[in-house]
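# Quick one: sequence and predicted model below, then my questions.
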Amino acid sequence: MKKVSLETRCKTILADVFTPVGIYLRVRDRFRDTVLLESTDHHSAENSYSFICINAIAGIEISTPESIEFKLPGTHPEKAVIRQASEVPGQLWQFMQSFDAKTPASKEGKFAQGLFGYTSFDAVQFFDTIELAKPAQEAASIPLMRYRLYQYVIAFNHFKDELYICENIIPGVETELAVVESLIRSKDVPVYPFGTTGPESSNMTDSEYIAMVKKGIDRCHRGDVFQIVLSRRFQQGFSGDEFNVYRALRSVNPSPYLFFFDYGDYKLMGSSPEAQLLIQNGKAIVHPIAGTFKRTGDEATDQQLTERLLQDAKENAEHVMLVDLARNDLSRACDDVVVNRYRQVHYYSHVIHLVSEVTGKVRAGHNPFELLAKTFPAGTLSGAPKFKAMQIIDDYEPTARSYYGGAIGFMGFDGSCTHAIMIRSFLSRNNTLIYQAGAGVVAASVPESELQEVNNKLNALKKALEIAGGIG
């Protein structure tokens, strides 16, 4: 594969009168292939960025387990055979080596030097020896993996109130910087209505989910698994502009990882509280989230619930188990693995979570896709032991998970990685919104409580659907 020279130039603008959502609404009708990533964590300079990506000019796509498609700027897509699933992380990283990226003059230029995209839950077959028997259902059938290089990345630094228009300069790719800047400065914000159509449906009834949880409890008692995450899918028809759902969700459920990826015939959007994997400054980081109570919104009551959560034997046993799993996952590809923060309480709009931080030192010349593979899927979305839990999930859940429980974010040419887990998220396809949530099942689980946990996690999504109808 030929080498492509790439230089990133950035222009700085004062951002005090702009918002990421406002600019995104202006650029999406002019450019295909747009992406919006935001964060509500603006307390430190490192976490205070939002991004808008415009005009995909290269990328990778895997739609079947048999082949992988590569596209370089200004060329037709090329397909390569996947001979062994375990070779896929290496093939992806090899494609990224096709770009000879010049070190940018400003650090913000690094935000454009890499691929934005996702890895679905079902792509685990490329990362482990597991084979999933269940085919992807038509309603949620999207490419297993999809990553793209964008010509423009608009980076917002909320900490400094600055905006950077970063352009990847590549031979043969025509610049449209003047158009991008004109759209940013435009006063017009086009908004369209949204509405749900028909009743909500699910891939199983309450009683069927409870029966599945009971089977999961039995597998824990037999010693097949210590914990297993069993999920349930819902879907809702709609008409109009589903970006209104994203706008409502970011308001209802502010989270560290907000995203809206528009692929034309389908879209992924969400407000994820949990990182799949972060790689920065020579360190790999995961944040296991396990242990969940419902919030009431009343400060005194929520404080009492927090104390109960910290004392709850079942929730804490689940958390300890998944912290150990995170340590084991990182130890497969990193050195000096440690638990930096343990069992911290984090408050979200509808739930209270226990969160820890596990870090490891990455090895020289690391492949970030290989690290992603070692930690994928998150134990908080599968269970422990992970391999056996995934086999049971594939057997028990009536539909393939598709996007749910996968990872979405950025892979840098420099080996950096920022990926969130696709939870508290929607897949929009064929005028249908698909959303899903799960509960961690252990031997001490109460089936009705696990059903309620799923409902608690979905409350923010269902509230967003209600609010979205009033926007536009």
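Ah, there it is.

# residues of the strand ranked longest in the chain that come out buried?
Ranked by number of residues, the top strand in the chain under DSSP state E is strand 49-64. Residues of strand 49-64 classed as buried: 49-62 (neighbour count, 16 or more other C-beta atoms under 10 Å). C-beta here means a position set from N, CA and C on the backbone, and glycine is covered the same way.

# helix or strand right after that strand?
As assigned by DSSP states H and E, the chain's next helix or strand after strand 49-64 is strand 67-71.

# Mind giving me the packing neighbours of the helix or strand following that following strand?
Toward the C-terminal end, the helix or strand that comes next after strand 67-71 (DSSP H and E) is strand 78-81. With contacts taken as 3 or more C-beta pairs under 8 Å, 6 or more residues apart in numbering; DSSP states H and E, strand 78-81 sits against strand 67-71.

# next one: stretch 263-279 to chain centre, how far?
Per C-alpha atoms, centre = their mean, to the nearest Å, the displacement of stretch 263-279 from the mean C-alpha position of its chain is 3 Å.

# whoops, I mixed them up, stretch 317-337
Worked out by C-alpha atoms, centre = their mean, stretch 317-337 lies 20 Å from the chain centre.

# Convert the C-alpha atoms of that stretch to PDB, please.
The C-alpha coordinates for stretch 317-337 follow below in PDB (Å, rounded to 0.1, in the frame of the first residue of the first chain):
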ATOM      1  CA  ALA A 317     -18.700  -8.200  44.700                       C
ATOM      2  CA  GLU A 318     -19.600  -7.500  41.100                       C
ATOM      3  CA  HIS A 319     -17.400  -4.400  41.100                       C
ATOM      4  CA  VAL A 320     -14.400  -6.200  42.600                       C
ATOM      5  CA  MET A 321     -14.700  -9.000  40.100                       C
ATOM      6  CA  LEU A 322     -14.800  -6.500  37.100                       C
ATOM      7  CA  VAL A 323     -11.800  -4.500  38.500                       C
ATOM      8  CA  ASP A 324      -9.800  -7.800  38.600                       C
ATOM      9  CA  LEU A 325     -10.900  -8.500  35.000                       C
ATOM     10  CA  ALA A 326      -9.800  -5.100  33.900                       C
ATOM     11  CA  ARG A 327      -6.400  -5.700  35.600                       C
ATOM     12  CA  ASN A 328      -6.100  -9.000  33.800                       C
ATOM     13  CA  ASP A 329      -7.000  -7.600  30.400                       C
ATOM     14  CA  LEU A 330      -4.500  -4.800  30.600                       C
ATOM     15  CA  SER A 331      -1.800  -7.100  31.900                       C
ATOM     16  CA  ARG A 332      -2.000  -9.000  28.600                       C
ATOM     17  CA  ALA A 333      -0.500  -6.000  26.800                       C
ATOM     18  CA  CYS A 334       0.900  -3.600  29.400                       C
ATOM     19  CA  ASP A 335       3.400  -3.500  32.200                       C
ATOM     20  CA  ASP A 336       3.100  -2.000  35.700                       C
ATOM     21  CA  VAL A 337      -0.700  -2.400  35.900                       C
END
